[in-house]
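S.K.: pasting the structure only:
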């Protein structure tokens, strides 16, 4: 992601919150025993669970995939879940991870490492698997939102999995005594460690639900999409998935990222931020006695009111995801260019009204980051005829944050022979077209999930909305099944090549394959990215 347009230290991740808001608005298994005779009971490696059946779909909710990360397990890599005897009910979501209570979460708690599975009631073995990673700026969100119900994917013959991962200071935290305690182990990115643990749980158990552990597609939106880029470039994720999908997840430089032990990009190290946080709670020192006191803090004290709206104010005490050298080993665009990634098929894209956190107050300031290309950028964005500075600022900022980086990844991976399909989501629901100038950040998610309960804010669902949802969800399901989004009854979606710059635009009329209509302006954003690549290398 390119953040020259976004001077605020951690403000760029605020946009992930909009994903959750718009969703509310629209609102191997060899170790598993043989399946029980009742279709809603399965055996996984930790015991038997009983789900519920509804309209041809079996769902299992609140399945522990790791031990509760509480007490002495706070700020440790996820540990194995305990086994149980008898049959465990799996009909209700577990707690979402610790955050301020809101409409974005279900009963937040530090005890939150739970997975959920949806599968067809009648199925054979080796069904394709999709694993969903939610967004929320790494500080809010969870798998329990109605927008993330996997039933429609199950009806399309897919085993759908979602799970929670630790957020905020519970998920991303450094401290000298932790480094000493961990020695050469994994440190800092505990939320990302949860992703690895969940994918390993899928590998071990998904066959019990009818899924194929060798046909796993990871899919993430916003912060979840950036997590997919992390998994694509992390050596620890190798072999855990075979396909990847990113919805508005960027993929460019992390200009506000820091290191675990050494500061980066003008920021303190994650360790120093941890020390600062400890001092803010009256805890002095950096030894194990200080760490014991930190682990003894009540969850609310660790949370300390952190949310997406005050991340900047917490810049000296909260690191966010960091480069730790083992799980997160570098900048994704550099690793992509070097070929150091999981070479798997990918679908990725962004929305035509996507999020921006640019704080430019004038056109001159807005285009200054383009340097010698400032005048060309004004022309490419048709600044003279924009009619609205806020909309112009949003377009420039969204291109830098999401649209341009996604195109860069498509160019880079396709140039190395990997199949990539790029999209632009431009569809606005019928009832919202007088209110929204374009598809907002997260606006694609209800269509991807083919949700029937989007418009809880009172917007009426139309036949055209349903048609678009069926098409988009089917493209996504086809990709999970075959590694190619195309299929019968759908307009052809050409794979990406820089020479043609073709993408699928989900317009208000129909999905339409076209040369990227924003090529001129995105080429200018690409030049800025190229400068960073040159500087990094």
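M.R.: Noted; the coordinates are in hand. Please read these numbers as outputs of a predicted model, since none were measured by experiment. Numbers count the residues shown, from 1 in each chain.

S.K.: can you map out the helices along the stretch 301-450 of the chain?
M.R.: 332-337, 363-368, 374-380, 389-398, 404-415, 445-448 (DSSP state H, counting those that start in this stretch).

S.K.: I'd like to know which elements the shortest one is packed against.
M.R.: In terms of contacts (3 or more C-beta pairs under 8 Å, 6 or more residues apart in numbering; DSSP states H and E), helix 445-448 is packed against helix 15-25, helix 463-482. C-beta here means a position set from N, CA and C on the backbone, and glycine is covered the same way.

S.K.: still on that earlier bit, and of the helices of the stretch 301-450 of the chain, who's closest to residue 51?
M.R.: helix 445-448 (23.1 Å; C-beta to C-beta).

S.K.: what residue ranges in the stretch 351-500 of the chain score low on pLDDT?
M.R.: Filtered on pLDDT under 70, the stretch 351-500 of the chain yields the residue ranges 452-458.

S.K.: re the thing from before, let's have the helices of the stretch 301-450 of the chain in CSV, adding mean neighbour count and distance to residue 109.
M.R.: Formatted as CSV, the helices of the stretch 301-450 of the chain follow (neighbours: other C-beta atoms under 10 Å; distance: least, C-beta to C-beta, whole Å):
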stretch, mean neighbour count, distance to residue 109
helix 332-337, 22, 31
helix 363-368, 17, 42
helix 374-380, 17, 47
helix 389-398, 20, 34
helix 404-415, 24, 34
helix 445-448, 25, 25
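
S.K.: Turn those into JSON lines, columns for distance to residue 501.
M.R.: Formatted as JSON lines, the helices of the stretch 301-450 of the chain follow (distance: least, C-beta to C-beta, whole Å):
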{"stretch": "helix 332-337", "distance to residue 501": "18"}
{"stretch": "helix 363-368", "distance to residue 501": "23"}
{"stretch": "helix 374-380", "distance to residue 501": "15"}
{"stretch": "helix 389-398", "distance to residue 501": "18"}
{"stretch": "helix 404-415", "distance to residue 501": "8"}
{"stretch": "helix 445-448", "distance to residue 501": "24"}
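
S.K.: Out of the ones you listed, which gets nearest to residue 522?
M.R.: The nearest among the helices of the stretch 301-450 of the chain, by C-beta to C-beta, is helix 404-415 at 5.2 Å.

S.K.: Not counting the closest one itself, show me its contacts.
M.R.: 1-2, 229, 246, 248-252, 332-333, 336-337, 341, 346, 348-350, 420, 422, 495-498, 516, 522, 525-526, 529 (C-beta atoms under 8 Å, 6 or more residues apart in numbering).

S.K.: And that helix, how far out from the chain middle?
M.R.: Remark: helix 404-415 is offset 18 Å from the chain centroid, using C-alpha atoms, centre = their mean, to the nearest Å.

S.K.: And stretch 99-113, by the same measure?
M.R.: The answer for stretch 99-113 is 17 Å, by C-alpha atoms, centre = their mean.

S.K.: How about stretch 106-119?
M.R.: That offset, for stretch 106-119, works out to 16 Å (C-alpha atoms, centre = their mean).

S.K.: what about residue 354, how many residues close to it?
M.R.: 30 (other C-beta atoms under 10 Å).

S.K.: buried ones in stretch 126-138?
M.R.: 127, 128, 129, 130, 131, 132, 133, 134, 135, 136, 137, 138 (16 or more other C-beta atoms under 10 Å).

S.K.: what's near enough to touch the nearest residue to residue 209 once chain neighbours are set aside?
M.R.: Ranked by C-beta to C-beta, 6 or more residues apart in numbering and with sequence neighbours excluded, the top spatial neighbour of residue 209 is residue 119, at 4.7 Å. Taking C-beta under 8 Å, 6+ apart, we find residue 119 in contact with 57, 58, 59, 127, 154, 159, 160, 209, 210, 211.

S.K.: on that earlier part again, which among the contacts of helix 404-415 count as buried?
M.R.: 1-2, 229, 246, 248-252, 332-333, 336-337, 341, 346, 348-350, 420, 422, 495-496, 516, 522, 525-526, 529.

S.K.: on that earlier part again, what residues sit buried inside the helix or strand hosting the residue nearest to residue 209?
M.R.: For residue 119, the host element (DSSP states H and E) is strand 114-120. Judged by neighbour count (16+ other C-beta under 10 Å), strand 114-120 contains these buried residues: 114, 115, 116, 117, 118, 119, 120.
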